[in-house]
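Asker: Got a sequence here, can you build the structure:
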Amino acid sequence: MAGTSDPGSSMETSASSSTGVIVQPGKKKRTPTNPNNIFKPSSDSTTARNLCGIEWQAEHKTGTIAEFAAHWNSLSAEQKEAYASRSKLVDAAKANVVEFIANLNGLST
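Answerer: Next up is the predicted model:
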């Protein structure tokens, strides 16, 4: 019959909702963060933005997500590049530690 569809005959593989938002199968949809929540940088992320956030949060204990976003967006390209350089150094140091531990484990066998 025209106008009816058989759910089993659909060849659609993408998971798009009625709102037009495409969601990958198996992924949870993240709810928007309230910008008035207190900003809490990740303890294990080494991105430039997160490293800046760690320093900023130390000086602004009750600073909000929106306030930190405004701070980050106000930084010059040179200031952001300084954080990006530090991020690369931290990532390299972490890789060296992992390699060192792997070498130690190889020696103990």
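Asker: Sticking with the residue nearest the centre of the chain, tell me its helix or strand.
Answerer: The geometric centre of the chain, computed from its C-alpha atoms, lies nearest to Ser45 (Cα atoms, centre = their mean), at 7.9 Å. Using DSSP states H and E, Ser45 sits within no helix or strand.
Asker: when you give positions from now on, start the count at 50
Answerer: From this message on, residue numbering opens at 50, which makes the last subject Ser94.
Asker: Show me where this protein dips below the pLDDT cut-off.
Answerer: 50-73, 76, 157-158 (pLDDT under 70).
Asker: Could you pull out the helices in it for me?
Answerer: Applying DSSP state H to the chain gives helices spanning 97-108, 114-123, 126-156.
Asker: Mind listing what's buried along the second one?
Answerer: Residues of helix 114-123 classed as buried under the neighbour-count rule (16 or more other Cβ atoms under 10 Å) are 114, 116-117, 121. In short, each C-beta sits where N, CA and C put it, glycine included.
Asker: ok, these vs Ala151, which is closest?
Answerer: Closest approach to Ala151 among the buried residues of helix 114-123 (Cβ to Cβ): Trp121, at 35.1 Å.
Asker: ok, the closest one - contacts?
Answerer: 98, 101-102 (Cβ atoms under 8 Å, 6 or more residues apart in numbering).
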